[in-house]
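Enquirer: Here is my input, please return the structure:
(one chain, ligands or ions: 2)
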Amino acid sequence: MQLANNSASTGPVKWAHQVNEILRRSGEKNATDQIEKAITQHQEDRFLIAVLGKAKRGKSTLLNAILGRRDDLVAPIDKLPASSAITRFVWGEREAATVFFRDGRRQDIDLARIKEFVTEELNPANVKSVDVVEVTGPFPGMDKDLVLVDTPGAGSLHEYHDAILHAFIPQADAVIFLVTARMPLDQDELELLKNVKAADIGKVFFAVNRVDEAETNDIEAAVSHNQQLLSQVGIHVSQIHRISAKSAFQGTVSSSGLSELMREISSFLGRHKGRARDARLVARVSQAAEMPAQHLAAQLASSRKTVVELEAELSSLSESKRTIKQDREISEREFTHSWSRAVDSFEHQVKDAKSAAKMAVTSRIARTSLAGLGSVAKELPTIITRAIESELAAPAQTLEESLSASTRKLQVGYPSVEMQSTGEVSIRTKASHTTVLGGMAGAAAVATGIGLASAGSAAAAGIAAANAAAIAAATTTITVPSTIAGIGSLLSSWGLGGIGSAISALGTGTATAAAPVALTTTPLWVAVAGPVGWTLAGLGVLAVPFAWRASKHKQKDRLEEASREQVDDVFQRVLTARIPALRRMGESIIEEFRLRLDKQLRQIEETIVQFKDHRPDSEKVMLIEKLNNELRDALATAPRFEAQTSG
Ligand SMILES: Nc1nc2c(ncn2[C@@H]2O[C@H](COP(=O)(O)OP(=O)(O)OP(=O)(O)O)[C@@H](O)[C@H]2O)c(=O)[nH]1
Ligand SMILES: [Mg+2]
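Expert: Ligands and ions are numbered 1, 2, ... in the order given. Okay, here's the model as predicted:
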């Protein structure tokens, strides 16, 4: 990171204290607690890198490898969700471990007992109320002023893991984000990345792990898929590493990709450590001050209004509600129309693809000599899959593009409410008609969680972006590359209801965005070969080779018939499960937009009414004004850093 107007780190610390003091006088206890914690951490002069990722991506394995451990005593590894609490690793002359509990107690323990406090198995749901376990040791692979952190896996399985992570992420100076090649980035991982982005963490080291168990094609597909999603979330990474934490842990570091990852980390630390830590302090203080600043600005703007002005504001609000109503109806109609047109056209193409795929498979069988029938029968699952895949690839691609385009258009055209740094609220409708409401609306905006307009679309993108990302993620999986594993998981996700359940959450209105299809690792052979094998066996084709000679022609007919049935079966699932789910997804997206805007408008109105009925006295107004100005000036002079772009 480049420090633009401050070269020494006393600048950021002094500034942090200054902001803290203003917030203390404003009675913002939460914010001051956060800032004090950030200052203390900054003074420790250690760089904290957290390993983040969904459960089972290999975080603990990677840490053991980095720390040069032969066993997994310090960071237990498991096939089942393992880590249930945060562990910090710090360099020290001798090995030691201390458990810090939430109530302030601490307990020194042997390394062998670490798993009693950090694993789901022995400390389920963190019932022991562990805040953090700190492990020190002369770790051979570790830089002395580094703190490495193992975290519980993100994801809906254990909700409190997400809560722990959410609270912890802002403390990280940088992040190692782990994904795997066999599972494309899913909704949980997107959420996690968004948290990293929202915490303004400037440096993300990104690695695709477990490459030892994936085909090169799949790894490269995962890399480009991840790249696309990362840029959607707005996170820049210098490199996407391909690693095998397991091989590194087992001692084959050279081919594991670990050295390259570690090289990027040390080169970053060598060049940017001090500045990155300063930038983190400034980001944490700015974030802690954001809400209080909005509160103050909103309070101030409101206290300056007269009752008459407030009433005028209420009528201006109901005026804009009429415009909003027209606007949103047009937007919704357009969206619904284009969404269903895209799905209709996909449905059509699927039907055509079905005939074409059947034709391709049966003509392949028809072309086969009677003697070659046996080997064709064995290859049939592959033949069927390839035929289906090649027919569906293009329609799926078109579908993805159309759905993303519809959602982008909705996002742009739908009326939106934004808060200005002045504490005012602007309502954007079509034809750039903007209504600005006063400060009380601002207070409501704060309450409703409407982002600062200046915070830009990162926050404001909200559901729209989430949905767009989800659609991209959900539909990209349709176009997963021409590998057996890809199509296998595609089919299983269609057939086994992956998207179905993700979307039913949307249907109930509980999810803001469809969780994208989680690619199951079920290989093709389960998704397709299973039924094919079974059918063929049922027909006696595979089971009784001798019978072939008796009536080879009949066998050929049966083989053709069985293949047609298989193709039908797969397409049936697409038509009856996948396509209706896509339609529901469109409805849910509209529903989310509608509910959110309604809620925002309602709260703004309620708050204006409340301010009208309760006016502050002049002394209070002066105090608010003073604090507001001081905080605004302090935040405006925050030390500035340019985004980190190189390793
Ligand atoms: N094949 C392979 N398996 C790996 C690799 N890294 C980790 N694993 C395996 O994945 C499983 C989970 O590894 P962990 O290190 O416990 O994963 P984690 O991300 O810490 O999991 P949680 O703590 O539950 O979030 C274990 O069975 C590991 O052996 C790898 O590079 N290749
Ligand atoms: Mg773990």
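
Enquirer: name the helices or strands packed onto the helix or strand containing Ser231?
Expert: In the assignment (DSSP states H and E), Ser231 maps to helix 216-233. With contacts defined as 3 or more Cβ pairs under 8 Å, 6 or more residues apart in numbering; DSSP states H and E, the packing partners of helix 216-233 are strand 174-180, helix 187-198, strand 203-209, strand 240-242, helix 462-476, helix 484-495. Every C-beta, even on glycine, is put in place using the N, C-alpha and C of the backbone.

Enquirer: Check the ones you listed for me: which has the lowest mean pLDDT.
Expert: Comparing mean pLDDT across the helices and strands packed on helix 216-233, the weakest is helix 484-495, with a mean of 28.

Enquirer: and stretch 181-192, how far out from the chain's middle?
Expert: 6 Å (Cα atoms, centre = their mean, to the nearest Å).

Enquirer: Kindly report the same for stretch 328-342.
Expert: For stretch 328-342, the distance to the chain centre is 27 Å (Cα atoms, centre = their mean).

Enquirer: taking the mean pLDDT, what do you get for it?
Expert: 93.

Enquirer: before we move on, the earlier item: going by neighbour count, which residues in the helix holding Ser231 are buried?
Expert: Neighbour-count burial for helix 216-233 flags Asp218, Ile219, Ala221, Ala222, Val223, His225, Asn226, Leu229, Leu230, Gln232, Val233 (criterion: 16 or more other Cβ atoms under 10 Å).

Enquirer: ok, of the residues you listed, which one's closest to Phe593?
Expert: Checking these against Phe593 by Cβ to Cβ gives Gln232 as the nearest, at 18.7 Å.

Enquirer: ok, now how distant is the spatially most central residue of the chain from Leu52?
Expert: What sits nearest the mean C-alpha location of the chain, by Cα atoms, centre = their mean, is Leu190, with 1.0 Å. As judged by Cβ to Cβ, to the nearest Å, Leu190 and Leu52 stand 13 Å apart.

Enquirer: got the angle for the helix holding Ser231 vs helix 187-198?
Expert: Computed by axes from the mean of the first three to the mean of the last three Cα atoms, to 10 degrees, the angle separating helix 216-233 from helix 187-198 equals 50 degrees.

Enquirer: which helix in this structure runs the most residues?
Expert: helix 307-367 (DSSP state H).

Enquirer: Starting from that helix, tell me the next helix or strand along the chain.
Expert: helix 373-413.

Enquirer: which other helices and strands contact that following helix?
Expert: helix 307-367, helix 462-476, helix 484-495, helix 524, helix 530-538, helix 545-550, helix 552-573, helix 579-613.

Enquirer: nearest to Val621, of these?
Expert: Per Cβ to Cβ, nearest to Val621 of those: helix 579-613, 12.6 Å.

Enquirer: Tell me what angle the closest one forms with helix 373-413.
Expert: Using the same axes, to 10 degrees: helix 579-613 against helix 373-413 is 20 degrees.

Enquirer: buried residues in stretch 570-581?
Expert: Buried-residue list, stretch 570-581, by 16+ other Cβ under 10 Å: Val570, Phe571, Arg573, Val574, Ala577, Arg578, Ile579, Ala581.

Enquirer: mind giving me the domain split of the protein?
Expert: If you go by automatic domain parsing, the domain ranges for the chain are 46-256, 304-635.

Enquirer: Where among the ones you listed is average confidence lowest?
Expert: Among the domains of the chain, domain 304-635 scores lowest, with a mean of 64.

Enquirer: In stretch 356-365, which residues are buried?
Expert: Ala356, Ala357, Lys358, Ala360, Val361, Thr362, Arg364, Ile365.

Enquirer: how far away is the closest residue to Val233 other than its chain neighbours from ligand 2?
Expert: Distances taken as Cβ to Cβ, 6 or more residues apart in numbering put Leu193 closest to Val233, at 4.8 Å, once the chain neighbours are dropped. In this view, Leu193 and ligand 2 are 19 Å apart by Cβ to the ion, to the nearest Å.

Enquirer: In contact with Leu193, which residues are there?
Expert: Phe177, Leu185, Leu229, Leu230, Val233, Ile235 (Cβ atoms under 8 Å, 6 or more residues apart in numbering).

Enquirer: ditto for Asn123
Expert: So Asn123 contacts Ser84, Ala85, Glu116, Phe117, Val130 (Cβ under 8 Å, 6+ apart).

Enquirer: same question, Asn64
Expert: Asp71, Asp72, Val74, Ala75, Ile77, Phe249.

Enquirer: what's the burial count for the second one?
Expert: Pointing back at Asp72 there. Using other Cβ atoms under 10 Å, Asp72 has 17 other residues around it.

Enquirer: wait, isn't it in contact with Lys59?
Expert: No. Contact criterion Cβ atoms under 8 Å: Asp72 and Lys59 do not qualify, at 11.8 Å.

Enquirer: Look up how far ligand 2 lies from the residue of the stretch 201-350 of the chain found nearest ligand 1.
Expert: Nearest residue of the stretch 201-350 of the chain to ligand 1, counting by Cβ to the nearest ligand atom: Lys246, 3.3 Å away. Per Cβ to the ion, Lys246 is found 13 Å from ligand 2.

Enquirer: on that earlier part again, okay if I get the buried residues of helix 216-233 as TSV plus distance to Ser588?
Expert: Output for the buried residues of helix 216-233, formatted as TSV (distance: Cβ to Cβ, whole Å):
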residue	distance to Ser588
Asp218	30
Ile219	33
Ala221	28
Ala222	28
Val223	31
His225	24
Asn226	26
Leu229	21
Leu230	25
Gln232	20
Val233	21
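
Enquirer: quick one: contacts for Trp169?
Expert: For residue 169 the amino acid is Ile, not Trp. So Ile169 contacts Ala50, Leu52, Val175, Asn195, Val196, Ala199, Ile201 (Cβ under 8 Å, 6+ apart).

Enquirer: need the contact list for the fifth one.
Expert: With contact set as Cβ under 8 Å, 6+ apart, Val196 has these partners: Leu52, Ile169, Val175, Phe177, Val204, Ile235.

Enquirer: Identify the farthest-apart pair in the residues you listed.
Expert: Spatial extent of the contacts of Val196 (Cβ to Cβ) is set by the pair Ile169 and Ile235 at 13.0 Å.

Enquirer: interface residues of the chain facing ligand 2?
Expert: Lys59, Ser60, Ala82, Ser83 (Cβ under 5 Å from the ion).

Enquirer: Now the element after the helix or strand harbouring Val51, going C-ward?
Expert: Using DSSP H and E, the element containing Val51 is strand 47-53. Counting by DSSP H and E, the element after strand 47-53 in chain order, helix or strand, is helix 59-66.

Enquirer: Mind giving me the packing neighbours of the helix or strand just after that following helix?
Expert: Later in the chain than helix 59-66, the nearest helix or strand by DSSP H and E is strand 87-91. Contacts defined by 3+ Cβ pairs under 8 Å, 6+ apart place strand 87-91 against strand 130-137, strand 146-150.

Enquirer: Need the contact partners of the last one.
Expert: Counting by Cβ under 8 Å, 6+ apart, the neighbours of strand 146-150 from elsewhere in the structure are 46-51, 59-60, 63, 66-67, 75, 83, 86-91, 118, 142, 168, 172, 269.

Enquirer: That one pairs with which strands?
Expert: strand 47-53 (parallel), strand 87-91 (antiparallel) (DSSP bridges).

Enquirer: Comparing those strands, which comes out most buried?
Expert: Most buried of those by mean neighbour count (mean count of other Cβ atoms under 10 Å) is strand 47-53; its value is a mean of 24.

Enquirer: Do I have it right that Lys612 meets Val308?
Expert: No. Using Cβ under 8 Å as the test, Lys612 is too far from Val308 to be in contact (9.8 Å).

Enquirer: on that earlier part again, and ligand 1, which of the contacts of strand 146-150 contact it?
Expert: Filtering the contacts of strand 146-150 for proximity to ligand 1 by Cβ under 6 Å from any ligand atom leaves Lys59, Ser60, Ser83.
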